[in-house]
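Participant: Sequence plus the predicted model coming up.
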Amino acid sequence: MTQRAGTDDVTTETGQGGAARAGGLSAAEVAVRVARGEVNDVPVRSSRSTADIVRGNVLTRFNAIIGVLWAIMLAVAPIQDSLFGFVIVANTGIGILQELRAKKTLDGLAVIGEAKPTVRRDGTPTEVSTSEIVLGDLIELGPGDKVVVDGRVVEADGLEVDESLLTGEADPVLKQPGDTVMSGSFVVAGGGAFTATKVGREAYAAQLAEEASRFTLVHSELRSGISTILKYVTWMMVPTATALVISQLVVKETGFKNSVARTVGGIVPMIPEGLVLLTSVAFAIGVIRLGRKQCLVQELPAIEGLARVDTVCLDKTGTLTEGGMDVTGLRLLNGADEAYVCKVLGALGDADPHPNASLRAIIDAYPDSEDWRCTEALPFSSARKYSGAALSEGDGQTSTWLLGAPDVLLPAGDPALGETDALNKQGLRVLLLARASGELDDPAVVGKARAAALVVLEQRLRPDAGATLAYFADQNVDAKVISGDNAVSVGAVAGKLGLPGADRAVDARRLPEDRDAMGRAIEDGAVFGRVTPQQKRDMVGALQSRGHTVAMTGDGVNDVLALKDADIGVSMGSGSEATRAVAQIVLLDNSFATLPSVVAEGRRVIGNITRVATLFLTKTVYSVLLAVLVVVFQLEYPFLPRHLTLLSTLTIGVPAFFLALAPNKERARPHFVRRVMRYAIPAGLIAAAATFTTYTLAGSHYSGPGALDAETSAATLTLFLVSLWVLAIIARPYTWWRIALVAAMGAAFLLVLAVPWLQDFFALKLVGTTMPWAAVGIAAAAAGMLEFAWRWVGRRFPA
């Protein structure tokens, strides 16, 4: 295989023996490849497919159980005893619709945020979507670009590629024409172009890279906690339901259809069928709400994850400051001539085809002189902290120049460093222009550099950054500013934004290498400068090793490794392709102020689902216990399905929907299962005990025809009042709408008791006054026990 960069006769392995030309493929050649199916058709989805959403909501274990019970009830009982089935259908439909709305939002935002590689076709650079790349396409690369398909380098200008996401090797690899590049790697310095040699499903490495860089699943305590709860519920349900079936159908000598109805009435409420639905709906609505604020959530549990974060690491450039900069001054050193220095800066700006923000500001301030040209270039690297170029001057002279961090290019104690520190304390960024001798790619070139000028740049602060930092401080979330810039300059910028501890900026080159010692140092500090990309990753790991949940925000290629390792990675929409690919959350409008909304949305989901789960599992506990008591005492089950459908709707279903979507600013706490069960178990025990007490008293009070209906009505009254009191406790702290919600549920039950046709429909009729008032009294005593248990559990088993 022969390759000469920049020529028209570069032969590469395209799978068809095609030729990669400097001008790329022609439109006709692209059409031929599309017709042959040589297209990069690997689907990259930011959300589940419609079929997956429908399948996930319909084909569940509990839906199967309820479906069978519903079919039985439709066959043997009046329609009102089959209402629970219609409720499940409605719930499933709501879940599907909300997830489809969330999918539409996600897919729309994903198109906006999608990386569009630049390919050369017919000699013209053109942006195309990743799926439109064909075999043999010539794809251009610049700093921060992600390699989207496998290929072979054709052009290289100081091209350095980070392959750590694929190989684990931290050091960037310098690529030359003829070298292979793998999908999933990304450019950290320089530029070039490569020919696509493997696309679509042909590229096994592309599949591995996509899995590694895009779908590292965020741990969701909520998701795993609910799975654990449902597993325990299933274990409790199977033996209890089996015993209940035998008890009602074999032991009791009542009508077959009535026994079946009461058996189903005992099994259905054991199933917390709405819990999973409300969780997915809460997440879906969160995605839709955040989508309206141009926030792309690439993985649903990331909303929850950011709410649990206790430390957020912020990259300064592009996060606290806007991307652009302005040159505000030029300080000449060692007798340098200003006009000559300006020409050098102009030529350096023209030498880099992929300038960063600092160099763009220099290009704007110092136009290139036409008679100067670059003969060799060293692109800027975050690890190196400088760039360079060998220049041919207009008069035939040649010179070599470096542009970068003064404290890297100058020896300690150099007088220019004092002036640099003074400027850094004002929050200004300072670059040093130095004349060098020797080879650019020789690390020793720094030691031979002679300072010529300091270039002073002013960074534009984000107007919303101060308020966002204040929000995190108010929410007890530690903010750590981690930047590759000079520590003093970073501290001054953070100080302007009111970050506590900004006056004690730390130079990361002095951090200990031991992970535990590094973690302690990071906990004590707030601002860190001169941080290398690998150090950012190490700092995130050090904080995690000390029990912190860490979010990392960034937009540059130097942030990719830390974003990948953080619990939650947040990228700016204007960030590099690589940062957007590994982040779980992308702020498409580049607004740092969106982060509090993400945190608030996560807290709403976690806090409210915890409340709602307590309601659902209280019902499960009292249903299982009632079934056990009925089996032990050889009694008929007290309820028909219609009774528990009514109770579930008024004390759980409707209130849970409102409570799950209400604002909630309570900080997310761990141990979801323990916090739910510590309240649900005592509440369920008290509800079951009170209901069974009323049922057995009513059994001794009533006799003759209709006695069972009267006993059921009294037990239903007690259970409703106790469940309503559980709801009243869960709804705290009270607001006007929460009080109105509890009152409305109570009023709806009274309406059923008062309207004759509703009494008949739900088979609820209180007989006499003695037993109904006894039922109320038992419920009142149970409410007192609930209040005591609630306070005792809170003290005895703190979350």
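Facilitator: Thanks, I have the structure now.
Participant: Skipping its backbone neighbours, what lies nearest Ala783 in space?
Facilitator: Distance criterion CB to CB, 6 or more residues apart in numbering; nearest residue to Ala783, sequence neighbours excluded, is Trp725 at 4.3 Å. Quick note: C-beta positions are derived from backbone N, CA and C, even for glycine.
Participant: meant to ask about Thr716, not that
Facilitator: His643 (5.1 Å).
Participant: And for Val34?
Facilitator: Val134 (6.2 Å).
Participant: Just the helices from the stretch 451-600 of the chain, written as ranges.
Facilitator: 465-474, 487-496, 515-524, 533-545, 560-565, 577-582, 595-633 (DSSP state H, counting those that start in this stretch).
Participant: about what we covered before: figure out the helix or strand that the residue nearest to Thr716 lives in.
Facilitator: Assessed by DSSP states H and E, His643 sits inside helix 641-648.
Participant: any idea of the mean pLDDT in that helix?
Facilitator: Averaged over helix 641-648, pLDDT sits at 85.
Participant: name the helices or strands packed onto it?
Facilitator: Applying 3 or more CB pairs under 8 Å, 6 or more residues apart in numbering; DSSP states H and E, we find helix 641-648 packed against helix 83-113, helix 256-267, helix 707-730, helix 756-762.
Participant: now that helix and helix 256-267, what's the angle there?
Facilitator: 20 degrees (axes from the mean of the first three to the mean of the last three CA atoms, to 10 degrees).
Participant: residues in contact with helix 641-648?
Facilitator: Outside helix 641-648, the residues that touch it by CB atoms under 8 Å, 6 or more residues apart in numbering are 73, 77, 80-84, 87, 261, 264-265, 268-269, 619, 623, 712, 716, 719-720, 723, 749, 752, 761-764.
Participant: before we move on, the earlier item: any idea how many residues pack against the residue nearest to Ala783?
Facilitator: 23 (other CB atoms under 10 Å).
Participant: hang on, it packs against Gly784?
Facilitator: No. Using CB atoms under 8 Å as the test, Trp725 is too far from Gly784 to be in contact (9.4 Å).
Participant: overlap in contacts of the two?
Facilitator: Common neighbours of Trp725 and Gly784 (CB under 8 Å, 6+ apart) do not exist.
Participant: Quick check: the gap between Val624 and Phe528.
Facilitator: Distance of Val624 to Phe528, computed by CB to CB, to the nearest Å: 54 Å.
Participant: So for the two, which residue has more residues nearby?
Facilitator: A count of neighbours by other CB under 10 Å puts Phe528 above the other of Val624 and Phe528, at 26 against 22.
Participant: give the contact list for that one.
Facilitator: 480-483, 487, 490, 505-508, 511, 522, 539.
Participant: Glu666 now?
Facilitator: Applying CB under 8 Å, 6+ apart, the residues near Glu666 are Arg603, Gly607.
Participant: right, and Val493 touches Gln459 too?
Facilitator: Yes. Counting by CB under 8 Å, Val493 touches Gln459, with 6.5 Å between them.
Participant: shared neighbours of those two, which are they?
Facilitator: Thr321, Gly427.
Participant: Distance of Val154 relative to Leu391?
Facilitator: From Val154 across to Leu391, the span is 26 Å (CB to CB).
Participant: actually Val481, not the one I typed
Facilitator: 36 Å.
Participant: out of the two, which sits in the more crowded spot?
Facilitator: The residue with more neighbours, out of Val481 and Leu391, is Val481; 29 against 24, by other CB under 10 Å.
Participant: Enumerate the beta-bridge partners assigned to that one.
Facilitator: Leu314, Val527 (DSSP bridges).
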